[in-house]
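A.B. asks: whatever this is, show me its structure:
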Amino acid sequence: MPDVALMIRGLAETGDAGRLEQAIERVEGVETVSVNAEKELLAVSYEGGEAELERIEQAVRDAGFEIEPTPGAKNAGG
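C.D. replies: Below you'll find the model as predicted:
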């Protein structure tokens, strides 16, 4: 099961973390979701691969938030 951590912009308002968590939980294949609004961090465990990750990222955008590349993301995988 892949795990991914995404930095999310715009998690300032009360209730944003819960709203984002609910949106991600609806994505097929998602096993666990954790949102840390203070650090603007979303952690997700899910079944699948790149297509499922793209659906997770789209759900973030559909919920009204922006994904910020995590430090070192361009260097991931060598």
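A.B. asks: what sits against the residue nearest the centre of the chain?
C.D. replies: Closest to where the C-alpha atoms of the chain average out (C-alpha atoms, centre = their mean) is residue 42, at 4.5 Å. By C-beta atoms under 8 Å, 6 or more residues apart in numbering, the residues touching residue 42 are 5-8, 20, 24, 33-36, 60. The C-beta positions use only the backbone N, C-alpha and C, and glycine is treated the same way.
A.B. asks: now it: which helix or strand?
C.D. replies: Under the criterion of DSSP states H and E, residue 42 resides in strand 41-46.
A.B. asks: and that strand, average pLDDT?
C.D. replies: For strand 41-46, the mean per-residue pLDDT is 94.
A.B. asks: what comes up buried for that strand?
C.D. replies: The neighbour-count criterion (16 or more other C-beta atoms under 10 Å) identifies 42, 44, 46 as the buried residues of strand 41-46.
A.B. asks: repeat that for stretch 29-49.
C.D. replies: 29-30, 33, 35, 37, 40, 42, 44, 46, 48.
A.B. asks: need these in TSV (columns: distance to residue 15).
C.D. replies: Listed next are the buried residues of stretch 29-49 as TSV, based on distance: C-beta to C-beta, whole Å:
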residue	distance to residue 15
29	25
30	20
33	15
35	11
37	9
40	15
42	15
44	19
46	24
48	28
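A.B. asks: ok, which pair from those is furthest apart?
C.D. replies: Within the buried residues of stretch 29-49, two members stand farthest from each other by C-beta to C-beta: 37 and 48, at 26.0 Å.
A.B. asks: separation between the residue nearest to the centre of the chain and residue 48?
C.D. replies: 17 Å (C-beta to C-beta, to the nearest Å).
A.B. asks: ok, residue 24 - how many residues close by?
C.D. replies: Residue neighbour count, defined by other C-beta atoms under 10 Å, stands at 24 for residue 24.
A.B. asks: bridging residues for residue 67?
C.D. replies: Taking DSSP bridges as the rule, residue 67 bridges to residue 8.
A.B. asks: so it touches residue 7, yeah?
C.D. replies: Yes - assessed by C-beta atoms under 8 Å, residue 67 is found in contact with residue 7 at 7.1 Å.
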